[in-house]
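Participant: here's my sequence, what's the structure:
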Amino acid sequence: MPKLAQPRIRQLVFMLALLPMLQLIWALFTDNLGANPVEELSQHTGIWSLRFLLLTLACTPIRLLLHWPGIMAYRRMLGLYTFFYSSVHVFVYLLLEQNFTLHLILEDIRISWPIDLGLAAYLLLVPLFATSNQPMMRKLGRNWKKLHNSVHITAWLAILHFLFSEKADLREPLLYGGVLLALLVIKGWQKRQQHKRTGSKAAIQHTPNKS
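Facilitator: Predicted coordinates:
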């Protein structure tokens, strides 16, 4: 596989990941957000935050299946874009839907399952974002990996948030749920294969020489 960690390709990936936001800004300035602009803003940013989250999780299965280690050079960037689109999604809700009115927000949290699930997913993303740099990786050591494994919980919460937010067509959130499940199955299968190979090598090394 070609090496991906090249400046021009990194810039290309960066710009491609920014396109959904540029598309949204263009639609906003050209008054092309449909009959309910706030709902369109919320749905657009929410869906893309979930897509980038799944793309981030797909890096490891792709590396394992295709023997393509270079893909991991972009996992952090995709994770940062996940947080970016999620933050815009939350901001749209707080400002445009609730006008930063505290009692309305608290009431939504009290009575709305979709809001609770979405808030939980976002709150789990915050420490992942805050510790996504090299200094924090070194500082946390082994605990860094344990912390970042919570991204799988975040993904399920995000999908449930999407599922319960949909009022009619559930096919899209169920599709994303299927993608997440497939990614986890692939990752789990690859880990079992690695354990088997490691166990076989260890058994061979410890086999007494009968000569």
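Participant: low-confidence ranges, the protein, go.
Facilitator: Flagging of the chain using pLDDT under 70 yields the residue ranges 1-5, 195, 197-211.
Participant: helices along that one, start to end?
Facilitator: Secondary structure of the chain (DSSP state H): helices at 7-29, 37-66, 75-91, 102-111, 113-130, 134-140, 142-148, 151-165, 171-206.
Participant: got the ones you listed as JSON lines, with mean neighbour count columns?
Facilitator: C-beta here means a position set from N, CA and C on the backbone, and glycine is covered the same way. Listed next are the helices of the chain as JSON lines, based on neighbours: other Cβ atoms under 10 Å:
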{"stretch": "helix 7-29", "mean neighbour count": "13"}
{"stretch": "helix 37-66", "mean neighbour count": "19"}
{"stretch": "helix 75-91", "mean neighbour count": "20"}
{"stretch": "helix 102-111", "mean neighbour count": "12"}
{"stretch": "helix 113-130", "mean neighbour count": "17"}
{"stretch": "helix 134-140", "mean neighbour count": "11"}
{"stretch": "helix 142-148", "mean neighbour count": "12"}
{"stretch": "helix 151-165", "mean neighbour count": "19"}
{"stretch": "helix 171-206", "mean neighbour count": "12"}
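Participant: list the contacts of Val13.
Facilitator: Contacts for Val13 were tallied using Cβ atoms under 8 Å, 6 or more residues apart in numbering; they are Tyr74, Met77.
Participant: now do the contacts for Arg76.
Facilitator: Contacts of Arg76 (Cβ under 8 Å, 6+ apart): Ser132.
Participant: nearest residue to Arg51 in space, please, no chain neighbours.
Facilitator: In space, and not counting its chain neighbours, Arg51 is closest to Tyr176: 7.9 Å by Cβ to Cβ, 6 or more residues apart in numbering.
Participant: from Leu184, how far out is the one you found?
Facilitator: According to Cβ to Cβ, to the nearest Å, Tyr176 and Leu184 sit 13 Å apart.
Participant: repeat that for Ile115.
Facilitator: 26 Å.
Participant: try Trp144
Facilitator: In terms of Cβ to Cβ, Trp144 sits 20 Å off from Leu184.
Participant: what's the nearest residue to Trp26 if we skip its chain neighbours?
Facilitator: Asn32 (7.7 Å).
Participant: find the residue at the geometric middle of the protein.
Facilitator: Among the residues of the chain, the one closest to the centroid is Leu53, at 1.6 Å (Cα atoms, centre = their mean).
Participant: nothing else from me, thank you.
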